[in-house]
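J.: Starting from these lines, generate the structure:
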Amino acid sequence: MRNAIIKLLLIIAAVLLIGWANRHYDSYTLSILNNIGIFAILALSYNLINGVTGQFSLEPNGFVAIGAYFTALFLLPADAKTDMFALVDPAPLVLSMHAGFIPAVISGGIAAMFIALLLSFPVFRVRGDYLAIVTLGFGFIIRIFALNNPAYTNGAMGLNDIPSTADFLWIGITALITFVVMLHIVYSRYGRAMKAVRDDEDAATAMGINTFKIKTIAFMTSAFFEGVGGGLLASFLTTITPDQFSFLLTFQLLIIIVLGGLGSMSGTLLATILVMGSMEWLRFLDDDMVIFGWHTGAHPGMRMVVFSILLIIMMLFARKGLFGDKELPELLREKFRKKGEQ
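T.: Numbering: from 1, shown residues only. This next block holds a predicted model:
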């Protein structure tokens with residue numbers, strides 16, 4: 001009972017902090033926080049299938065694209081779609097799509113989850129590197145579909161003037177919900193089964209675990225939140241194109257979950273703040289700096305060089321990520337127990 005009350009108070013405090021930040025921070029700071037929040041949603045959900053369940057999947061960019069396009073098409077009014085689609089007229093289905101912000105975002109998540117269900121049947125017939133190749137191909141297929149079907153996606157021109165409803169209040173609370181849901185899954189019966197599949201799938205099968213069912217549940221849950229994150233991304237940016245959903249997006253998420261620790265939601269959250277925040281915090285390295293009276297000159301891209309070096313150093317000293325496969329409370333308990341034993 002005491003732990004439940006503490007968790008509830010922490011959640012309430014987090015919601016109040018998000019609301020305070022949304023009202024008091026300037027637009028530049030909020031744009032950074034929004035970016036961190038969206039990538040936290042994507043990374044946390046990606047870690048469920050890749051870290052907790054141990055399935056080396058490279059599909060997030062595809063599900064994010066599905067969520068983004070579905071949400072954008074629901075949010076855009078019919079006359080705006082007619083004016084925007086320059087190559088061909090929009091399909092009747094596209095013109096009939098219209099919903100409010102919350103139903104639109106949820107529909108993006110449901111669409112991604114449904115595709116994940118269909119994809120799970122061929123995908124989970126293979127393991128390891130073969131699974132990675134199959135899911136990588138799915139991401140390419142979604143991007144090519146968006147490029148070559150202008151009646152549904154407006155092709156390479158993408159969708160513009162998407163209603164900007166997703167502020168930090170929406171994005172922050174969604175990220176908080178994602179974090180809480182993922183933690184509950186990790187500590188649930190399904191979470192223990194997912195870890196069993198990760199550690200030894202054959203042994204899990206011998207113990208009576210339906211490994212296909214567990215992997216499918218993880219895959220669909222991950223896809224749902226990735227679709228929701230994609231919908232928030234579309235509303236936040238107000239414009240989307242197929243090029244935004246390349247493999248680079250998956251690669252960024254892979255860096256985050258490996259840095260934070262495969263299987264650790266707390267580590268993923270911290271790694272998202274470090275990685276996405278560093279993209280802005282190190283921006284001064286690209287500009288001309290004065291060091292002891294000497295002008296270094298502008299060096300565009302220098303921040304990425306420094307960021308890569310810092311990333312390499314961090315991984316050398318934390319080969320299992322910042323938190324390994326444990327959550328922050330577990331690490332704190334272990335630390336206090338060791339101090340007590342001393």
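J.: Excluding chain neighbours, what is closest to the residue most central in space within the chain?
T.: For the chain, residue 42 is the residue whose C-alpha lies nearest the centre (Cα atoms, centre = their mean; 0.8 Å). Nearest residue to residue 42 in three dimensions, chain neighbours excluded: residue 229, at 4.4 Å (Cβ to Cβ, 6 or more residues apart in numbering). (C-beta placed from N, C-alpha, C; glycine too.)
J.: Helix, strand, or coil at residue 88?
T.: Three-state call for residue 88 (DSSP: H, G, I helix; E, B strand; the rest coil): coil.
J.: Show the backbone phi and psi for residue 156.
T.: Torsion angles at residue 156 (phi, psi; degrees, to the nearest 10) stand at phi -70, psi -20.
J.: So the closest residue in space to it that isn't next to it in sequence: helix, strand or coil?
T.: With Cβ to Cβ, 6+ apart as the criterion, residue 156 has its nearest non-adjacent residue at 5.7 Å, and that residue is residue 147. Under three-state DSSP, the three-state class of residue 147 is helix.
J.: Ok, residue 262 next?
T.: Classification of residue 262 using three-state DSSP returns coil.
J.: Got the confidence number for the residue nearest to residue 42?
T.: Residue 229 is assigned a predicted lDDT (pLDDT) of 95.
J.: go on, residue 185?
T.: 93.
J.: what about the residue nearest to residue 156, how many neighbours?
T.: Number of residues near residue 147 (other Cβ atoms under 10 Å) recorded here: 15.
J.: Spit out the contact partners of it.
T.: 153, 155, 156, 242 (Cβ atoms under 8 Å, 6 or more residues apart in numbering).
J.: what separates residue 116 from residue 79, distance-wise?
T.: 33 Å (Cβ to Cβ, to the nearest Å).
J.: so what's residue 221 closest to, chain neighbours aside?
T.: residue 48 (6.1 Å).
J.: just residue 185 next, same as before
T.: residue 191 is the one closest to residue 185 (Cβ to Cβ, 6+ apart), at 5.0 Å.
J.: pLDDT score for the one you found?
T.: Per-residue confidence (pLDDT) for residue 191: 91.
J.: wait, it sits on residue 182?
T.: No. With contact defined as Cβ atoms under 8 Å, residue 191 does not reach residue 182; the gap is 9.0 Å.
J.: Look at those two and report which has more neighbours.
T.: Remark: of residue 191 and residue 182, residue 182 carries more neighbours, 23 against 20, as counted by other Cβ under 10 Å.
J.: The more buried one: what's it in contact with?
T.: Residues counted as contacts of residue 182 (Cβ under 8 Å, 6+ apart) are 44, 45, 47, 48, 265.
J.: Where does the first one sit: helix, strand or coil?
T.: Pointing back at residue 44 there. helix.
J.: So it versus residue 262, what's the distance?
T.: 13 Å.
J.: quick one, which of those two is more surrounded?
T.: Legend: neighbour count by other Cβ under 10 Å for residue 44 and residue 262, higher for residue 44 (28 against 20).
J.: OK, contacts around the more buried one?
T.: Counted by Cβ under 8 Å, 6+ apart, residue 44 has contacts 175, 178, 179, 182, 225, 265, 268, 269.
J.: quick one: which of those is nearest to residue 112?
T.: Lowest distance from residue 112 to the contacts of residue 44 (Cβ to Cβ) belongs to residue 225, with 8.7 Å.
J.: What number of residues are in the vicinity of the residue lying closest to that closest one once chain neighbours are set aside?
T.: Leaving aside its sequence neighbours, residue 225 sits nearest to residue 45 (Cβ to Cβ, 6+ apart; 3.5 Å). Burial of residue 45 is recorded as 30 neighbouring residues (other Cβ under 10 Å).
J.: Let me see the mean pLDDT of stretch 20-27.
T.: 90.
J.: Can you pull out the residues in contact with it?
T.: By Cβ under 8 Å, 6+ apart, the residues outside stretch 20-27 that reach it are 30, 33, 167, 168, 169, 172.
J.: now the strands for the protein?
T.: Using DSSP state E, the strands of the chain run over residues 290-291, 294-295.
J.: ok, back up a step: reformat the contacts of stretch 20-27 as a markdown table; add distance to residue 94, pLDDT and neighbour count.
T.: Below are those laid out as a markdown table (distance: Cβ to Cβ, whole Å; pLDDT from 0 to 100; neighbours: other Cβ atoms under 10 Å):
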| residue | distance to residue 94 | pLDDT | neighbour count |
| --- | --- | --- | --- |
| 30 | 31 | 91 | 20 |
| 33 | 32 | 93 | 21 |
| 167 | 26 | 87 | 13 |
| 168 | 30 | 91 | 23 |
| 169 | 29 | 91 | 15 |
| 172 | 31 | 93 | 23 |
